[in-house]
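Chemist: Fold the following.
(one chain, ligands or ions: 1)
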Amino acid sequence: MEEQEGVIKYQLNHTQQSLNHLLSLTEINAWRTIAARLDLIGQIPERYDNIGFGNISQRIDAHSAQFIISGTQTGHLERLSPEHYCLIVKAEPHQNRLQSCGLCKPSSESLTHAGIYAQDNAIQAVIHAHSPEIWKHTVALGLPHTSADVPYGTVEMATAVEQLFQSGNLLQTSLFTMLGHEDGVVAFGRNMQEAAWELIKYLSLAIGIEQQPINR
Ligand SMILES: [Zn+2]
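Modeler: Residues are numbered from 1 along each chain as shown. Have a look, this model is predicted:
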């Protein structure tokens with residue numbers, strides 16, 4: 001792979017300190033574990049040169065621009081602890097700048113998450129997963145997608161995501177694929193469950209396509 005998951009491409013101003021204990025990580029952490037069990041987030045020797053993949057985030061409250069996100073290089077862990085999360089204090093996707101705090105640095109794809117939250121205040125949760133099945137069947141599933149020449153975690157990706165929202169293609173579907181990022185899928189929702197359900201729904205549809213010969 002020419003691109004490296006896990007390499008932070010933006011300008012990061014990170015404060016190394018533990019997160020406010022009042023921040024609830026219960027819901028995000030449960031879904032993070034489920035995503036890890038389904039290999040939608042993780043680290044697998046046969047995939048991407050054994051680099052960790054996927055990340056998950058949640059707004060800290062309905063009206064805040066701040067969100068918590070799983071930390072970089074945490075893919076190998078099935079269960080995360082508070083020190084593996086990071087608070088995004090301020091994000092400027094178009095300036096490629098991010099301010100964060102936590103005991104761990106934010107995921108390399110935090111700017112993409114920030115770009116999605118910026119589109120709609122109703123979006124409260126974002127999951128970036130790696131699903132070979134969904135990604136491969138982008139066209140068959142009629143999924144919105146960013147094009148193959150847009151790499152992950154860049155200003156171009158932030159712009160492409162913005163255009164995707166403006167196109168109206170994300171009104172019915174809360175999931176899109178990133179064709180410039182192998183197996184890259186992003187699901188979002190008004191809460192963690194909604195984002196996760198959309199992801200699992202399309203995973204089932206993609207697996208259905210792969211298993212079609214079984215009906216013949
Ligand atoms: Zn990724």
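Chemist: which residues does Glu109 contact?
Modeler: Taking CB atoms under 8 Å, 6 or more residues apart in numbering, we find Glu109 in contact with Asn55, His128, Tyr152, Gly153. To be clear about C-beta, it is placed using only N, CA and C from the backbone, and glycine gets the same treatment.
Chemist: these two touch, right, the third one and Glu182?
Modeler: No. Taking contacts as CB atoms under 8 Å, Tyr152 lies outside contact range of Glu182: 9.4 Å.
Chemist: So the two - more neighbours on which side?
Modeler: Counting neighbours by other CB atoms under 10 Å for Tyr152 and for Glu182 shows that Tyr152 has the greater number, 23 against 16.
Chemist: For the more buried one, which non-adjacent residue is closest in space?
Modeler: Closest residue to Tyr152 in three dimensions, ignoring its sequence neighbours and counting by CB to CB, 6 or more residues apart in numbering: His181, at 4.0 Å.
Chemist: Mind listing the strands the strand of greatest length in the chain pairs with, and their directions?
Modeler: Using DSSP state E to assign secondary structure, the strand with the most residues in the chain is strand 85-92. For strand 85-92, sheet partners with direction are given as strand 67-70 (antiparallel), strand 97-102 (antiparallel), following DSSP bridges.
Chemist: on that earlier part again, by neighbour count, which of the contacts of Glu109 wins?
Modeler: The most neighbours of any of the contacts of Glu109, using other CB under 10 Å, belong to His128, which has 30 neighbours.
Chemist: Next, the contact list for that residue, please.
Modeler: Here His128 is in contact with Gly54, Asn55, Ile56, Ser107, Glu109, Thr112, His113, Gly184, Val185, Val186 (CB under 8 Å, 6+ apart).
Chemist: biggest separation within those residues, which pair?
Modeler: With CB to CB as the measure, no two of the contacts of His128 lie farther apart than Ser107 and Val185, at 14.9 Å.
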